[in-house]
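>>> Please find the sequence and the predicted model below.
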Number of protein chains: 2
Amino acid sequence: MRVEILCTGDEILTGKTTNTNYSHMARRLGEVGLDVIWGTTVGDDRASLLAAFAHAGERADAVIVNGGLGPTVDDLSQEVAAEACGVKLVLSDHWLQRMTESYARRGRVMPANNRKQAMLPDGAEFIDNPIGTACGFAVTIGRARFFFTPGVPREMRRMLDEQVIPRLLKLGGITGVTRLKRFHSFGIGESRADEMLAGIPGLAIDGEIKLGFQAHFPELETKLAARGASEAELAARLAPVEAEVRRRLGNFVVAEDDGSLERAVLEKLKAGGHTLAIGETFTSGAIASRLAPLPGAEAVFRKGVIAADVAADRLRAESGTSHALAVRMELDPGGDRPDFGATVTVQIADSTRSATTGGAMVQRVARLVGGRDWVRTGATELGLDCLRRHLYGLPVDERIDFERR
Amino acid sequence: MRVEILCTGDEILTGKTTNTNYSHMARRLGEVGLDVIWGTTVGDDRASLLAAFAHAGERADAVIVNGGLGPTVDDLSQEVAAEACGVKLVLSDHWLQRMTESYARRGRVMPANNRKQAMLPDGAEFIDNPIGTACGFAVTIGRARFFFTPGVPREMRRMLDEQVIPRLLKLGGITGVTRLKRFHSFGIGESRADEMLAGIPGLAIDGEIKLGFQAHFPELETKLAARGASEAELAARLAPVEAEVRRRLGNFVVAEDDGSLERAVLEKLKAGGHTLAIGETFTSGAIASRLAPLPGAEAVFRKGVIAADVAADRLRAESGTSHALAVRMELDPGGDRPDFGATVTVQIADSTRSATTGGAMVQRVARLVGGRDWVRTGATELGLDCLRRHLYGLPVDERIDFERR
């Protein structure tokens, strides 16, 4: 199955909008085992669209077209698709009715130009959009099946997962179910993670269970994608591999799937009935702003202080919280540069532990280098991660890849 | 001049990396009056690259190829360019020497595989890269001139501005100099800004002075791009238009060109010898983290507090600063949703003004709606903007487009 992604629209072509729809679609297809072999971007221009459809119809088995399904005159996807197929546009009574009802439910009358969104190439396969007025459709041009999707990201994402990918898999004769397992880690780079996971049976970049990495600095996402005959068969086959990945990445795993470092910290504090104060210097509120806005944080997070000199024990006592996290930074002198660095001191004060049973105060010092922004982002993550490690009983002073000695 | 941008590399094709190089290149070309008519993305694959070069050589006058100039075997751009031209690769003694010297200056020996980066298609025009080991080059394929650029963003950006754009302009017979003037505003949307600027002579989307907008939520960037025979002629022609745009956007302009809202605030505080404390609730440090890490902020920013109840006058008194900014938020009950909103109260305490001469305490209340993240981002910007307005003597309570009554 050779898949092409064809993005349309002047906003994308001129660079005004960064094409995150493309990267999302390509990643999702890769995760379910479909190969994207070509990407094309053209503007809202009839001749370019026709040429792009013709090229794609020659080299691909399936083409996902994104954008151009809106109600305005510069949205040309249906028209040009009909022209490429040599058919007329016909009104979809079904979609017109759905749009009319949707407007009526919100107490509004459908504007006249929305009618254009119900015009589909004659004979096109209808593809549902449960959350927008741009319906999708599929037609055949050349040797490829073309799937037309809306440019609005949340509509595209849902249509891709629920409608387009199942059709692509069927078209490619790919059966069964897929699953994507994700591990989020802090402290190890991609090449180190790759080494740590070497030799797990079935798990490889091109293996039966497909291994992938994605850096979201300073975190690394490790992804396992697999296909199976059924959910049960897939889960049984993945379970030991997931367990082995979890074991090998060990303390560096901060969260799995939709979880996050800050939520892992918050949940543990909440479960213990604890409260937290945060003191920061050069991170200037970046640590608090990861944790404090989370739903449920109001029961845990009591106070944040940004000042030149913060100490965890004093902050905890003053705030009357059970825990305090303080992250102090000594910056290198001089302006920003690639080797600009800082010495980061992370302190955790914990009134629930006495000095005799593990220390009421934990301290960790690390040197980070890589420019002002890099160092701030790294220190923010390091502070939260030290707190996670402390709360979960893991070593707070384990060396991370980003640290200089 | 029909320009195509051709991006290469598996990381881009598979969506692992979002293609910000494309949007940067397309924007920059648009700003100097060059039209991008097509975008292509292919992986590190010889057949795809050859086909992409052939297609682009048929439809474009100029093609910018990005990526594939690295030292590893999957970097194929030079090889495939030579094949498409029907020539051999030849060693550039000049570039080999430059690389060798560059390594030597850092006390290192050049790795053997870097030699590959000095192999260029026979007869290619050399294009300098002063900050990396991937040199650029230009060849003709079909009817188009192809410019090969490195995938590393900072190397690409510099080569594009210094080397590629001047060549493209020459090729297109476009003479003279260009200038890009930028205004950053907060409080007005794109359509309102467009209305406010209507009718300025020479200024239009397709005008002699090209008007463009780019949303960086919650800010809007208004761009004026123009071309002239000389710097002096261009400056003279732009000056009255710039002044008129500045007048019409008025109090909403927070900064120009490379300036920013937070720097405008910091500069004014610094110039007056003032000091600042910041109190936040649901923005949770996001306001402080915009201001406090700026170079020079240490002389001004004294303390940040994140707590459920903050008041500017008390915070100012406790911190011993001349000024305090407090942003309190009352959130709507319930979970996140598109119509989730908050009532934002911004307070500014200012010890340099007495209550009789303009008030020692300024307060502004606004209702923002649009989901948890939206509301946080909006409140952060609103807080900083109220402080800017207060410091510059502008009305703090001017209504903004994002506000509900």
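That came in fine, so what should we check first?

>>> And the pLDDT for the one residue in chain A that gets nearest to chain B?
At 2.1 Å from chain B, A:Gly285 is the closest residue in chain A, using C-beta to the nearest C-beta. (C-beta placed from N, C-alpha, C; glycine too.) As predicted, A:Gly285 sits at a pLDDT of 93.

>>> again, but for A:Lys170
A:Lys170 is given a pLDDT of 94.

>>> Name the SS class of it, please.
helix (DSSP: H, G, I helix; E, B strand; the rest coil).

>>> That one: neighbour count?
10 (other C-beta atoms under 10 Å in any protein chain shown).

>>> which bits of the stretch 1-150 of chain A sit near chain B?
A:7, A:12-20, A:22-28, A:30, A:36-43, A:45, A:48, A:51, A:55, A:59 (C-beta under 8 Å from any C-beta of the partner chain).

>>> ok, A:Leu13 - contacts?
When contacts are counted by C-beta atoms under 8 Å, 6 or more residues apart in numbering or on different chains, A:Leu13 touches A:Thr41, A:Val42, A:Gly43, B:Ala26, B:Val36, B:Ile37, B:Trp38, B:Gly39.

>>> Redo these as TSV? Include pLDDT and distance to A:Glu221.
Below are the contacts of A:Leu13 laid out as TSV (pLDDT from 0 to 100; distance: C-beta to C-beta, whole Å):
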residue	pLDDT	distance to A:Glu221
A:Thr41	98	26
A:Val42	98	32
A:Gly43	95	33
B:Ala26	97	28
B:Val36	97	32
B:Ile37	97	36
B:Trp38	98	32
B:Gly39	98	27
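
>>> Name the member of those with the most neighbours.
A:Thr41 (30 neighbours).

>>> Which of the helices or strands spans that one?
strand A:35-42 (DSSP states H and E).

>>> So what's the gap between the following helix or strand past that strand and the chain middle?
As assigned by DSSP H and E, the chain's next helix or strand after strand A:35-42 is helix A:46-59. The chain centre lies 31 Å from the centre of helix A:46-59; the measure is C-alpha atoms, centre = their mean, to the nearest Å.

>>> Next, the angle helix B:46-59 makes with helix A:46-59.
Computed by axes from the mean of the first three to the mean of the last three C-alpha atoms, to 10 degrees, the angle separating helix A:46-59 from helix B:46-59 equals 150 degrees.

>>> for helix A:46-59, packing partners?
strand A:2-8, strand A:35-42, strand A:62-66, helix A:77-85, strand A:136-141, strand A:144-149, helix B:46-59 (3 or more C-beta pairs under 8 Å, 6 or more residues apart in numbering or on different chains; DSSP states H and E).

>>> Of these, flag the one that's most buried.
strand A:62-66 (a mean of 27; mean count of other C-beta atoms under 10 Å in any protein chain shown).

>>> mind listing what A:Leu120 touches?
A:Leu120 touches A:Gln78, A:Leu89, A:Val90, A:Ser92, A:Trp95, A:Phe126, A:Cys135, A:Phe137, counting by C-beta under 8 Å, 6+ apart.

>>> Can you give me every residue that contacts the first one?
Yep, that's A:Gln78 we're talking about. Per C-beta under 8 Å, 6+ apart, neighbours of A:Gln78: A:Gly68, A:Leu69, A:Leu89, A:Lys116, A:Met119, A:Leu120, A:Pro121, A:Phe137, A:Phe148.

>>> Could you do the last one as well?
For A:Phe137, the contacting residues are A:Gln78, A:Ala81, A:Leu120, A:Pro121, A:Ala124, A:Glu125, A:Phe126, A:Ile127, A:Phe147, A:Phe148, taking C-beta under 8 Å, 6+ apart as the criterion.

>>> in the sheet, who's paired with it?
Taking DSSP bridges as the rule, A:Phe137 bridges to A:Phe126, A:Phe148.

>>> Show me where chain A has its helices.
A:10-13, A:20-31, A:46-59, A:77-85, A:93-105, A:153-159, A:165-171, A:190-196, A:231-249, A:261-271, A:288-291, A:312-319, A:372-391 (DSSP state H).
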